[in-house]
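1. coords please:
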Amino acid sequence: MSRTAKAVIAAMLLAGAIPVAGSAQTQSSTPTTNAGTRLNFPASLGGATFERSVNYAAPPANNPGQGTAYTYSTPKRLTITVQVYDLGRRVPSGSDNPTVTGQFNAELSAAEQQFKHAGYTGFQKPSVPSSCVYGGVTFRCVTYSGVTQANSRAYSKLLLTGFRDHFVKIRVDWAQSRQQSAADADAALQAFVPALMR
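-> Just a heads-up that it's a prediction; the model follows:
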């Protein structure tokens, strides 16, 4: 793969345009309410602006277990992506049950593969994930990073919990090259997550 192609993939990954669930999708720029969880995804949420949604249940993907992903951007140009899905089964509530723990590990492995496929090197993650609380909801969480071809570190923070029989996965992306920091990401999540999960 050429450097240009890898750079394009890397930019799409960082912008949330390459979802973990796969590449076939139906996109919409219309804000919606998620039917399974009754979570609302309005035009503005916790200071972030709705960009698009991807419905994996609709053609051509036809994969209802992968649910829907919703992408927002913040004033500091961070990308927040929320994916609500159930993989065709009932998901227990909370972040510390075996179903959520197993899926979290699968999501983290997929993220590492996506970083490598995009040409990132030096993938780093803590050896043990932690728990994060936003707006009274506890998530299993981890921050991971990789070095882009431009020799800048790109970061993502992954959150996962069981909520109303579904997985709710939230990922915020930021980059050293854009003068963004972990503090910016945490501030964005502190505003966004309570506004979403009320």
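2. helix/strand/coil for the most centrally placed residue in the chain?
-> Nearest to the centroid of the C-alpha atoms of the chain, with distances taken as CA atoms, centre = their mean, sits residue 171, at 2.8 Å. What DSSP: H, G, I helix; E, B strand; the rest coil gives for residue 171 is strand.
3. from residue 90, how far out is it?
-> 23 Å (CB to CB, to the nearest Å). Quick note: C-beta positions are derived from backbone N, CA and C, even for glycine.
4. can you show me the helices along the chain?
-> 3-14, 98-117, 182-196 (DSSP state H).
5. nearest to residue 79, out of the ones you listed?
-> For these, the distance to residue 79 is smallest for helix 3-14, at 7.1 Å, taking CB to CB.
6. and that closest one, what's its mean pLDDT?
-> Summarised as a single mean, pLDDT over helix 3-14 is 40.
7. surely residue 119 touches residue 150?
-> No - Residue 119 is not in contact with residue 150 according to CB atoms under 8 Å; the separation is 10.4 Å.
8. the more surrounded of these two?
-> Ranked by neighbour count (other CB atoms under 10 Å), residue 119 and residue 150 place residue 119 first, with 19 against 11.
9. what are the phi and psi angles of that one?
-> Main-chain torsions, residue 119, degrees, to the nearest 10: phi 90, psi 10.
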